[in-house]
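S.K.: here's a sequence, model it:
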Amino acid sequence: MDNSEQIYKDKVWQFLDTMNVDAGYLIDNLCVPENKSRFILCIKQYMDAKYYQGWISFNKDYSKIYKIEPIIFKNDNDEKQKPKSQG
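M.R.: Below is the predicted model of the structure:
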């Protein structure tokens, strides 16, 4: 991977790390048409590298991405709690 590819990937990953939870983003609004396949590939690589795919998902036709809030299990009794907000 050359330096420009790494810079692009880092930029996409930084966006994914800071995405708003429960918001949907149209891929076409996030990248220029000539970079769409490269942008989607970077998202897939991010998902492959992260625990629970980084809480990111696509819709059926890869035109939109979402980030869901992680569910953290407190113990083996399946008691759920929301993560503490990071602020």
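
S.K.: can you give me the helices for this protein?
M.R.: In chain order, the chain shows helices spanning 3-18, 27-30, 36-49, with DSSP state H as the criterion.

S.K.: avg pLDDT for the second one?
M.R.: Averaging pLDDT along helix 27-30 gives 96.

S.K.: check the offset of it from the chain's centre.
M.R.: The offset between the C-alpha centroid of helix 27-30 and the centroid of the whole chain comes to 14 Å, using Cα atoms, centre = their mean, to the nearest Å.

S.K.: same check on stretch 55-67?
M.R.: With Cα atoms, centre = their mean, you get 8 Å for stretch 55-67.

S.K.: cool, and stretch 22-42?
M.R.: On Cα atoms, centre = their mean, the centre of stretch 22-42 falls 11 Å from that of its chain.

S.K.: list the buried ones in stretch 62-77?
M.R.: Judged by neighbour count (16 or more other Cβ atoms under 10 Å), stretch 62-77 contains these buried residues: 64, 65, 66, 67. For every residue, glycine as well, the C-beta is placed using N, CA and C.

S.K.: sweet, I'm off.
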